Structure formats: C-alpha cells, structure tokens
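# when you get a sec, could you give me coordinates for this:
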Amino acid sequence: MKFFFAVLLTAPLLVESQEIDAGDILFLKVQELEGEISALRSELEAQAYIIDKILNENQSKSVASNPSENQESASENTFRFEGINDGQSIDEVYEQAISQLNAKNFAAAKKSFQYLADNFNDDEKIPLSLFWLGEISLQESNFEQSESFFQLLAVNHPEHWRAPLAHKKIGDILMMSGESGAAKIKYQFVVQTYPNNAASSLALQLLENME
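Take a look at the predicted model:
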C-alpha cells in the first residue's frame, strides 16, 4: 500500500521531468535553427559584397577603356543585375528602344532591342523586340540576320500576334534572295495557317502576283 502511494506521489514528477526534457529539446532545436539562419545570412551578405565588388571593378575597367560609353554601360548594369525580369526595367528598355526607332536611330534601337531580347523574359515585349530586330536588319539588307530574328519569333512565340507577319516576312526575304519557290511555299503556309489574319491577305496577294 505504501508503495502504491509512493508511485502516485512520484508520477507528477515523472510527467514534469518529461515535459522539461521536451522543452529542452525544443529550445535546442530553436537555437540550432537560429544558428543556421545566421550563417545563411552571413553567406548571402558575403556573396552580395563579392558581386558588388566585381560589378564595380568591371565598370571601372570599362570607363578606363572607353569613357564615352560610361553612362550607357552603367544603365545596362542596372537593368541586368538589379531589374532582371522586373516589369519596370523591361518597360524602360523597350520604351527607350521604341523612342530610338521613332527617331530613326536604328543602330541604337537595334542595340536596345537586342539587349532586351538577350536579358529578359516577357511574353509581349520579347516577341516585339525580335520583330523590330528583324525589320531593322531587313532595312540594312542583312537578309540572313533578318530571317534569323523572324524565325526566332515564329518558332519560340508561335501564339504571338506578330507570328503570322513574321512568317510572311520570311517569305519576303526568300523572294528578295531569289528563292521564289521557297517564298511561294512560305506564303501558302501563311494563307493556310492564318486565314483570318492580315498577313494572310498580304501573302495571298503576293501569290496571285506570282501566277
């Protein structure tokens, strides 16, 4: 009987001991997580410092080699490293390119559109950039490069509203390159694939002229 009462008296102590052990374990786990978070934060800060240092060094070298391009290089670094896939940066680069295009500064516009296409992802402005790159190259009579840009648009962005016209433009390039047979096939493709698109009407008119 005494033994029974002794067990009853010590039972709360055993429960309390178990609770304390569980609390100690939880406390240690929290401390461990805090240590890991602190280590990760330190690592991120170190990497950020290294990246900033590399960018500053590269910018300094660029200024030393070509001071006239200092402002433009700084702008590109801002877009590339601080605003990658950021909507505001994409809009700024695209608007700059369109402004240069409207001012007939085709070399600068081409560079801006190329920079946008190489460094960003956007379902609307990247296909448009490829289209304008194709147009500018076509104006420069660089048929091979122009066709390459239109192909990138047509293949990588087939659902974009400029894709039908890109296919038609490829037909134009083939025609100007003396490949009338290949141009005819491309025009027929546009008519059959995009019957309700304006590009189809243009392609159909060219096909009728080829008869």
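# any buried residues in stretch 142-153, and which?
By 16 or more other C-beta atoms under 10 Å, the buried positions in stretch 142-153 come out as 145-153. All C-beta atoms are positioned from the backbone trio N, CA, C, and that covers glycine.
# could these go into a markdown table alongside pLDDT and secondary structure?
Below are these laid out as a markdown table (pLDDT from 0 to 100; DSSP: H, G, I helix; E, B strand; the rest coil):
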| residue | pLDDT | secondary structure |
| --- | --- | --- |
| 145 | 97 | helix |
| 146 | 97 | helix |
| 147 | 97 | helix |
| 148 | 97 | helix |
| 149 | 97 | helix |
| 150 | 98 | helix |
| 151 | 97 | helix |
| 152 | 97 | helix |
| 153 | 97 | helix |
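# and the two most separated of those residues?
Farthest apart among those by C-beta to C-beta are 145 and 153. That separation is 13.2 Å.
# list residues touching both of the two?
Counting by C-beta atoms under 8 Å, 6 or more residues apart in numbering, residue 145 and residue 153 have no common neighbour.
# quick one: which of the buried residues of stretch 142-153 is nearest residue 173?
Lowest distance from residue 173 to those (C-beta to C-beta) belongs to residue 147, with 4.8 Å.
# run a quick neighbour tally on the nearest residue to the closest one once chain neighbours are set aside.
Once flanking residues are discounted, residue 147 sits nearest to residue 173: 4.8 Å by C-beta to C-beta, 6 or more residues apart in numbering. Neighbour count for residue 173, taken as other C-beta atoms under 10 Å: 21.
# quick one: residue 173 and residue 145, what's the gap?
From residue 173 across to residue 145, the span is 10 Å (C-beta to C-beta, to the nearest Å).
# all strands of the chain, in order?
Counting by DSSP state E, no segments of the chain form strands.
# so in it, where's the weakest helix or strand by average pLDDT?
helix 70-77 (a mean of 47; mean pLDDT, DSSP states H and E).
# and residue 210, what is it in contact with?
180, 184, 187.
# quick one: which of these is nearest residue 89?
Nearest to residue 89 among the contacts of residue 210: residue 187, at 38.4 Å, using C-beta to C-beta.
# got a list of what that closest one touches?
168, 171, 203-204, 206-207, 210.
# tell me who's in contact with residue 198.
Residues in contact with residue 198 (C-beta under 8 Å, 6+ apart) are 164-165.
# typo on my end, residue 186
167-168, 170-171, 174, 203.
# where does this protein dip in pLDDT?
1-87 (pLDDT under 70).
# now do the same contact list for residue 147.
134, 170, 173-174.
# again with residue 117
126, 129-130, 133.
# picking that back up, who wins on neighbours among the contacts of residue 187?
Using other C-beta under 10 Å as the neighbour criterion, residue 203 leads the contacts of residue 187 with 28 neighbours.
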